[in-house]
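Q: Sequence first, then the predicted structure:
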Amino acid sequence: PPQEGSHSMSNVQGQPIIMQSVILLGAAVAAAAAAGSAPKTVVTILIDDLGSYDTAVNNDDIEYITPNLFDLSHNKGLRLSRFYTFMYCSPTRRGFLAGRYPVHMSAIQAQPCDNTLPMQLTILPQKLKKAAEPWATHFVGKGHLGYPTTDHLPIHRGFDSHAGYLAGAEDYTYGLNYDASHDCGGTPKSCTYDFWHDSAPGTDVNKEIFYSTNWYTTRAQQVVINHATNASTANQSLWLHLMYQGVHEPYVEPPAWEGIPANNTFWDKTFGDMLKVVDTGIGNLTAELVQQGMWDDCLMIITSDNGGIGPGNNYPFRGHKATPWEGGTRVMGFVTGGFLPTALRGKVFPRVIGVQDWYPTLCSFAGVDATDNVTFLGSVRPIDGVDVWPAMLAMANQTETELMAPTTYLHEYLPTTTTSLIWQERWKLITSAGPTSWYTTNNTHISDNRTAWPCRGAGPPSPPSGLCAANVTGYECHPAMFCGPEKSFYSTPDALDAEACGAICTANATGCGCFDYRPNSCRLHANHGNHLQSSGAQYSAYVKVKPEDHDFVQSRSFLDQSIEAQRVASIMEDYRKRKGMDVSSSDYAPRGCLVCSPSDPCLFDLVADPEETQDVSKENPNIVAQMVAKLATYTAYIGQKMTPDEYKHYECVTDIRPWWGNFSGPCCRPKTI
């Protein structure tokens, strides 16, 4: 059957979906060697919400589902056994483009109008444009970066073309949003679609998206074809940034002819079908690079953006997406391509590296200085990434002992989440984590238990009783009062305490300046406490008195981590129910037990115990104290709102529909003169 997802750029829509890389790569790879100091083509691919055991990169038993990934990683690639991301999407993706630890980018799950990749940063495509011979740069797929203005769109920040969606999730067909209230820019939240093509809503292409994985593959293939066949770009270096939607929820079947065999032994048929289409897409893109004579001088980087959830399998690790355990942050990754030296193919790179490291690595390939010192919150903030390519090349001449017991480190400290830190590639500290599970090879879950893992501290405090019973940083409390007549009522899946209610007010894009609170009830107001009225319903009015940038970033990060944790826990529970597994113990209990807590943190020896089964904090109190102090230094500095001086150059609206119709989009655009 023909490949779906043709679009206006494409002349390959009739190409059959077959495993082409095995057929076409043999001769090319056998002849290819990494000639020269830099690849001519770099392709970066993120597979969304992929578990570490979901492909044949780490699971030989499912080579029949992902044969291309197996071939590219085992036969033609260098596997990255300790590659780290953030525990969920947006911070990872922003850290990639900015060369910074995701924790510095904040834990905010960027919505379309959030200023979470600010213009002060020189992001990676802009760096590549500074090369002596500027690179061609193209973005295909999921963004989740934050676009408060149209100037923040990829097409205006160094990318030559862009086709994809702005927010964190959507349907697999036609660029449809989940529903009218999900991840839209502006207020009211009422968009039907979330898909952009260059500088405008993608009305010219979204109706061609019958299944997004196929469409993104076809788009990426056409980028390669156009680059190779256009006389003005054929000799130009190329970076293709391909951000697949697969295999993120919703878990829906691709076209029937693309699935895995019905008599398979895989743990989830729909998920297996989705994986198969991603693998075929990567195979087809690889084949196109070969066909256009670009593979021999290509470096392809393939990872996930975080650990798996639901049908995703993170064996042998503990935990899943939105948790600080290894299963949430230690992901599948490898580099491949004709540029990779023959001596490295089929090997495993065991050093601790992360998503922030591709920025300086690609800058080095382009011959540009990776320095990007920018002042945020009163301090100069450099990039955190390091060029990892020299270390990869060096391993060809290193002994097993030198590889497995290094004396120098690419990152002596690596903060993986806001509550977890790795030191010297061995020790891992966790200061806050709830109960969780280990994975098995067939994706059943082995929950920890309160005998082996007792509660070390409560989660966030229960809602206080009494008027003004809780202090909320940045707010002044007025007992038996409410903020005034302009109310917005908010409900959450969990009973809010005053601190969480304050976090929502601080993060509210429409300008919340005051909130009413009583146990289990939170009401936001757009005024700033200038209409206080007596409350007969036992509310207290909390008036914002110091809305500083730092407070906003921290409050919004706190809120988004809580929301994401609850959303992921719901997905896990639904999957377990569907598979008949035990759901009596939640993997993440925000207001229940913490098995690692700020007052009693956990410490793991990842060299001896990568599955995080043995807490060794009591045997190593000095290491714990040292790492707790170090973790406190990694605070977010990205995510504050644009300044009034920045806003003066834009016209902004709360209702984006007159601009973008039924599409999601930025809330501001440059003023016309």
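A: The structure has been received and is ready for your questions. Numbering: from 1, shown residues only.
Q: and the closest residue to residue 502 other than its chain neighbours, how far is that from residue 497?
A: Excluding its sequence neighbours, the residue lying closest to residue 502 (C-beta to C-beta, 6 or more residues apart in numbering) is residue 472, at 4.0 Å. For glycine as for every other residue, the C-beta is placed from the backbone atoms N, C-alpha and C. Noted for residue 472: a distance of 9 Å to residue 497, by C-beta to C-beta, to the nearest Å.
Q: Can you pull the poorly scored residue ranges out of the stretch 351-500 of the chain?
A: 457-466, 485-496 (pLDDT under 70).
Q: can you map out the strands along it?
A: Along the stretch 351-500 of the chain, counting by DSSP state E, counting those that start in this stretch, strands occupy 353-354, 374-376, 379-381, 413-417, 420-423, 427-430, 437-439, 445-447, 457-458, 475-479, 481-482, 488-490.
Q: Compare those and report which one is nearest to residue 574.
A: Checking those against residue 574 by C-beta to C-beta gives strand 445-447 as the closest, at 13.3 Å.
Q: Report the contact partners of the residue nearest the centre of the chain.
A: By C-alpha atoms, centre = their mean, the chain has its centre lying nearest to residue 89, at 2.1 Å. Residues in contact with residue 89, defined by C-beta atoms under 8 Å, 6 or more residues apart in numbering, are 48-49, 109, 142, 144, 168, 305-306.
Q: Looking at the residues you listed, which one is closest to residue 516?
A: Out of the contacts of residue 89, the member with the shortest distance to residue 516 (by C-beta to C-beta) is residue 109, at 26.0 Å.
Q: So residue 436 sits against residue 318, correct?
A: Yes - Residue 436 is in contact with residue 318 according to C-beta atoms under 8 Å; the separation is 5.8 Å.
Q: okay, and the common contacts of the two?
A: By C-beta under 8 Å, 6+ apart, the residues touching both residue 436 and residue 318 are 325, 327, 448.
Q: Just put the residues you listed in JSON lines and tack on neighbour count.
A: JSON lines is the format used below for these (neighbours: other C-beta atoms under 10 Å):
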{"residue": "325", "neighbour count": "30"}
{"residue": "327", "neighbour count": "32"}
{"residue": "448", "neighbour count": "19"}
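Q: Return the subset of those lying in helices.
A: Counting by DSSP state H, the part of those found in helices is residue 327.
Q: In CSV, list the shared contacts of residue 436 and residue 318 along with distance to residue 94.
A: Shown next, in CSV, are these (distance: C-beta to C-beta, whole Å):
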residue, distance to residue 94
325, 22
327, 22
448, 32
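Q: Identify, out of the strands of the stretch 351-500 of the chain, the most deeply packed stretch.
A: Ranked by mean neighbour count under mean count of other C-beta atoms under 10 Å, the strands of the stretch 351-500 of the chain are led by strand 353-354, which reaches a mean of 28.
Q: how many other residues sit next to residue 409?
A: 17 (other C-beta atoms under 10 Å).
Q: again, but for the one 10 residues further on
A: When neighbours are counted by other C-beta under 10 Å, residue 419 registers 21.
Q: any idea how far it lies from residue 637?
A: Here residue 419 is placed at a distance of 18 Å from residue 637 (C-beta to C-beta).
Q: Please enumerate the strands of the stretch 51-200 of the chain.
A: Using DSSP E, counting those that start in this stretch, strands in the stretch 51-200 of the chain cover 77-80, 83-84, 136-141, 161-164, 196-197, 200-201.
Q: circling back: surely the residue nearest to residue 502 and residue 499 touch.
A: Yes - using C-beta under 8 Å, residue 472 is in contact with residue 499, at 5.7 Å.
Q: Neighbour count: the two, which is higher?
A: residue 472 (23 against 20).
Q: List the residues that contact that one.
A: Contacts of residue 472 by C-beta under 8 Å, 6+ apart are 498-499, 501-502, 542.
Q: how far away is the residue nearest to residue 502 from residue 374?
A: In terms of C-beta to C-beta, residue 472 sits 30 Å off from residue 374.
Q: Could I have the buried ones of the contacts of residue 89 as PyMOL selection syntax?
A: Under the burial definition 16 or more other C-beta atoms under 10 Å, those of the contacts of residue 89 that qualify are selected in PyMOL by:
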select buried, resi 48+49+109+142+144+168+305+306
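Q: Any stretches of the stretch 151-300 of the chain with poor pLDDT?
A: 179-183, 186-189.
Q: what's the spacing between the helix ranked longest in the chain and its chain's center?
A: Ordering each helix of the chain by length in residues (DSSP H) puts helix 549-578 first. On the basis of C-alpha atoms, centre = their mean, to the nearest Å, helix 549-578 sits 13 Å off its chain's mean C-alpha point.
Q: all helices of the stretch 101-250 of the chain, in order?
A: Taking DSSP state H, counting those that start in this stretch to define them, one finds helices in the stretch 101-250 of the chain at 124-128, 212-229.
Q: of these, which approaches residue 594 most closely?
A: Closest to residue 594 of the helices of the stretch 101-250 of the chain, according to C-beta to C-beta: helix 124-128, at 36.9 Å.
Q: Please tell me how far that closest one is from the chain's geometric centre.
A: In terms of C-alpha atoms, centre = their mean, the centre of helix 124-128 is found 20 Å from the chain centre.
Q: Alpha carbons of it, in CSV - could you do that?
A: C-alpha atoms of helix 124-128 as CSV (Å, rounded to 0.1, in the frame of the first residue of the first chain):
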residue,chain,number,x,y,z
LEU,A,124,21.3,25.7,18.3
PRO,A,125,20.0,26.5,14.8
GLN,A,126,21.0,30.1,15.3
LYS,A,127,24.5,29.0,16.2
LEU,A,128,24.8,26.8,13.1
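Q: What is the burial count for residue 76?
A: 25.
Q: now residue 601
A: Neighbours of residue 601 under the rule other C-beta under 10 Å: 25.
Q: Let me see the contact set for it.
A: Here residue 601 is in contact with 429-431, 617, 624, 628 (C-beta under 8 Å, 6+ apart).
Q: what about 6 Å?
A: 429, 431 (C-beta atoms under 6 Å, 6 or more residues apart in numbering).
Q: Mind pulling up the pLDDT for it?
A: Residue 601 is assigned 96 on the pLDDT scale.
Q: Quick check: phi and psi on it?
A: Backbone torsions for residue 601, taken as degrees, to the nearest 10, come to phi -70, psi 170.
Q: From residue 450, how far off is it?
A: Distance, residue 601 to residue 450, using C-beta to C-beta: 18 Å.
Q: And residue 175, by the same measure?
A: 45 Å.
Q: When these two are compared, which one has more neighbours?
A: residue 175 (28 against 11).
Q: Which stretches in the stretch 501-650 of the chain count as strands?
A: 514-518, 521-525, 533-534, 540-544, 593-594, 602-605, 650-652.
Q: Would you mind finding the most buried of those?
A: Mean neighbours per residue, mean count of other C-beta under 10 Å, is largest over the strands of the stretch 501-650 of the chain for strand 514-518, with a mean of 27.
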